[in-house]
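Enquirer: Following is a predicted model, sequence given first.
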Amino acid sequence: MNFPNDVKYTKTHEWVRFEDETTARIGITDYAQDQLGDLVFVNLPAEGDQLVCGDAFADVESVKAVSDVNAPVSGTVDEVNEALLDAPEMMNEAPYDAWFVLVSGITDTDELMEAEEYEAYIETL
Amino acid sequence: MKLIFEKSIPGRHTDFLPALDVPEVSEDFARRIEPLRLPELSEVQIDRHYTELAGRTRGVNGGFYPLGSCTMKYNPALNERVASLPGFTDIHPLQDDADVQGCLEVMKKTEEYLAEITGMDAVSLQPAAGAHGEFTGLLLIRAYHRSRGDEGRTKIIVPDSAHGTNPASAVMAGFEVVNIPSDAQGYVDLAALKAAVGPDTAGLMLTNPNTVGLFDPNIEEITRIVHEAGGLNYYDGANLNAVMGIVRPGDMGFDVVHVNLHKTFSTPHGGGGPGSGPSGCKAFLAPFLPGLRVTDEDGTLHSGKADNSIGDMRSFRGNFLVIVKALAYILSIGREGVKETAENAVLNANYMMRRLSDVFDMAYDSTCMHEFVMTLERLKDETGVSALDFAKALTDCGIHPPTMYFPLIVHEALMVEPTETEPKETLDAAVEIFRKVMEEAYEKPEEMHLKPLTTVIRRPDEVKAARKPVVRYDYPGSV
């Protein structure tokens, strides 16, 4: 399992990669994709949508289940990675490259974990 | 095996169609420019084709089918015999009530029995499936709140152990879903429920016994909390088989229910359907029920709409012949049989669970209801063999796999529901097979990823099947 240091993590298995203090990309973690199994569909928000910290903003469907993806930050969707719609397998193959949205104007963030903390948290599950 | 279209031989005829005995319409009447390209085969070829197809399918008739949460019980042949009586088959939905008194009586009786079994006051037989029944029930809840001018009740509370159809039905009915967690035993977290209810609560949707096969001991408090907040309680009847004749949703504090006739009341389930998911409710919701209601006026049965009906949920009367089968079942097992069915369903599940619990990790360490959930997480950690691999291996042994990866709150879950219709010998044989497959998984874990070896279809590409399903036959040369 891969836990890169350049992103922060949530308890609900999203990652956040800050580009500056108020801009970040969001995706799902290696653990999330491993638990879900092969991903087959993703629903993404639209550009300009408002994300609210802790609320679902996207969902992913695997061969096993459909899961919500929660917003780790509050802010505005600036860019959507539409490539995921046609190639959801990118989330399995390279979860930390397969970003969902680029969010700007971040006003609030969830409790985020560093890589070691998240790895320790996974051990307890 | 070839598709029937691929077997087609141009010009080959069957002779079972009678000669045309109505006048042909004129050439300039709306017609297809090209004739339909239907397969052309002789009767015996068609017969063999479908017999071969039937041989490749898996049903309860072929062997043990412990698909948790689906209640794949054996359906008595008597149901089919009753449903094929011409008085039931040779009718039209637009016939006058006076011509179909017997059929109306079937509907009225079925409604009354289902109301009695669920503790409700009225039932609509119109919904055609379980989720359709849920949707109907939620529309009743919506209509009720609106009728009181209470427009602010926009939220439906659904525990995280619920069937996926619950939140989906709530959203379809225009509600917002509030998800609440289950506690360590899989029961509703009372603190989370109390925190979730409020003046915006339209209702709670609950399955009890829940989706891990446990009866929630706090059920009366749960329904009270929702009622005190002004919401209504919806009972998902998916697991009614475990409690019917023993305890009634209406007595637990529920206001609306749906019943899956294709689970609990032994009508065909799966590809052979169609299904039927009647919606029941307490008297105060009856004026909103959909479809035609049957009433008795001086011994004559009449059909009419309810006063504030939400409308039609389906054409005409629902899946009428399915309703006939359910009534045949209820009448043939009788009042005591209803209760005995639930008792044996629970007994069979507990028997299997106990006989497996020394080798398999049970998700919950308590007496179960009609189904139990195992977690294969330890097997996966130690050998890499997943619940999917295990399920695939069972198909090599003639057992339809249990439900996999559900409920979502249990990792590497296998959910086993033997049902009351399986004799002890079948359960004992299945227990031996489960144990043998577990042994094999530890001895040769790498071979488990290749299973099944003997079935018609081994491991379909699930990703491709989900993303690019081929559901249409393209004739050679067609665009």
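Expert: Received, thanks. Residues are numbered from 1 along each chain as shown, chains lettered A, B, ... in the order given.
Enquirer: Please, which helix or strand holds residue B:304?
Expert: Remark: residue B:304 resides in strand B:300-305, with elements defined by DSSP states H and E.
Enquirer: burial of the closest residue to residue B:210 other than its chain neighbours, as a residue count?
Expert: The shortest distance from residue B:210 to any non-neighbouring residue, by C-beta to C-beta, 6 or more residues apart in numbering or on different chains, is to residue B:161 (5.4 Å). Just so you know, the C-beta spots here come from the backbone N, C-alpha and C atoms, and that holds for glycine as well. Counted with other C-beta atoms under 10 Å in any protein chain shown, residues neighbouring residue B:161 total 23.
Enquirer: Residue B:61 and chain A, how far apart?
Expert: Separation of residue B:61 from chain A (C-beta to the nearest C-beta, to the nearest Å): 28 Å.
Enquirer: Might you report the residue contacts of residue 60?
Expert: Defaulting to chain A. By C-beta atoms under 8 Å, 6 or more residues apart in numbering or on different chains, the contact set of residue A:60 is A:28, A:36, A:39, A:41-43, A:66-67, A:69, A:88, A:91.
Enquirer: Actually, chain B is the one I wanted.
Expert: Contacts of residue B:60 by C-beta under 8 Å, 6+ apart are B:72-75, B:421.
Enquirer: circling back: counting neighbours, which of the contacts of residue A:60 comes out on top?
Expert: Of the contacts of residue A:60, with other C-beta under 10 Å as the count, residue A:39 tops at 28 neighbours.
Enquirer: What's the PyMOL line that selects buried ones from the contacts of residue B:60?
Expert: Entered in PyMOL, the line below selects the buried ones among these, by 16 or more other C-beta atoms under 10 Å in any protein chain shown:
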select buried, chain B and resi 72+73+75+421
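Enquirer: How is the nearest residue to residue B:301 once chain neighbours are set aside assigned, secondary-structure-wise?
Expert: Spatial nearest neighbour of residue B:301, excluding adjacent residues (C-beta to C-beta, 6+ apart): residue B:104 at 4.0 Å. Assigned with DSSP: H, G, I helix; E, B strand; the rest coil, residue B:104 falls in the helix class.
Enquirer: what about residue B:104, how many neighbours?
Expert: 21.
Enquirer: which parts of chain A sit against chain B?
Expert: A:35, A:38, A:40-41, A:61, A:63-66, A:88-89 (C-beta under 8 Å from any C-beta of the partner chain).
Enquirer: Please check the residues you listed and keep the buried ones.
Expert: A:35, A:38, A:40, A:61, A:63-64, A:66, A:88-89.
Enquirer: Longest helix in the chain, please.
Expert: Using chain A. helix A:115-123 (DSSP state H).
Enquirer: Chain B, not that one
Expert: Per DSSP H, chain B has its longest helix at helix B:320-356.
Enquirer: I'd like the next helix or strand past that one.
Expert: Using DSSP H and E, the first helix or strand after helix B:320-356 is strand B:361-362.
Enquirer: Give me the helices and strands touching the worst-scoring helix or strand of chain A on mean pLDDT, please.
Expert: Within chain A, no helix or strand scores below strand A:66-70, which has a mean of 90 by mean pLDDT, DSSP states H and E. Here strand A:66-70 touches strand A:56-62, going by 3 or more C-beta pairs under 8 Å, 6 or more residues apart in numbering or on different chains; DSSP states H and E.
Enquirer: which phi and psi does the spatially most central residue of chain A have?
Expert: Residue closest to the mean C-alpha point of chain A, counted by C-alpha atoms, centre = their mean, is residue A:27 at 2.4 Å. Here is the backbone geometry of residue A:27 (degrees, to the nearest 10): phi -150, psi -170.
Enquirer: Quick check, pLDDT for it.
Expert: We have a pLDDT of 97 for residue A:27.
Enquirer: And it, how far from residue B:458?
Expert: 34 Å (C-beta to C-beta, to the nearest Å).
Enquirer: Among the contacts of residue A:60, find me the one that's closest to residue B:245.
Expert: Within these, the smallest distance to residue B:245 is 35.1 Å, found for residue A:66 (C-beta to C-beta).
Enquirer: wait, what's in contact with the closest one?
Expert: Contacts of residue A:66 by C-beta under 8 Å, 6+ apart are A:59-60, B:164.
Enquirer: Switch the residues you listed over to a markdown table; also include pLDDT and distance to residue B:52.
Expert: Putting those into a markdown table (pLDDT from 0 to 100; distance: C-beta to C-beta, whole Å) gives the following:
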| residue | pLDDT | distance to residue B:52 |
| --- | --- | --- |
| A:59 | 92 | 40 |
| A:60 | 95 | 39 |
| B:164 | 84 | 34 |
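Enquirer: I'd like those residues written out as a markdown table, with distance to residue B:250 added.
Expert: Shown next, in a markdown table, are these (distance: C-beta to C-beta, whole Å):
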| residue | distance to residue B:250 |
| --- | --- |
| A:59 | 35 |
| A:60 | 39 |
| B:164 | 26 |
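Enquirer: Sort out for me which of the contacts of residue A:60 are in helices.
Expert: A:36, A:91.
Enquirer: Poorly predicted segments of the stretch 101-250 of chain B, please.
Expert: Within the stretch 101-250 of chain B, no stretch falls below the threshold (pLDDT under 70).
Enquirer: so where do the helices sit in it?
Expert: B:101-118, B:130-147, B:165-172, B:190-196, B:219-228, B:249-252 (DSSP state H, counting those that start in this stretch).
Enquirer: Nearest approach to residue A:99 belongs to which of those helices?
Expert: That would be helix B:165-172 among the helices of the stretch 101-250 of chain B, by C-beta to C-beta, at 26.8 Å.
Enquirer: Report the contact partners of the nearest residue to residue B:208 once chain neighbours are set aside.
Expert: Distances taken as C-beta to C-beta, 6+ apart place residue B:216 nearest to residue B:208, at 5.2 Å, with adjacent residues excluded. Going by C-beta under 8 Å, 6+ apart, residue B:216 touches B:187-188, B:206, B:208-210, B:222.
Enquirer: For the closest residue to residue B:383 other than its chain neighbours, the count of nearby residues, please.
Expert: Among residues not flanking residue B:383 along the chain, residue B:445 sits closest, at 3.8 Å (C-beta to C-beta, 6+ apart). If you count neighbours by other C-beta under 10 Å, residue B:445 ends up with 16.
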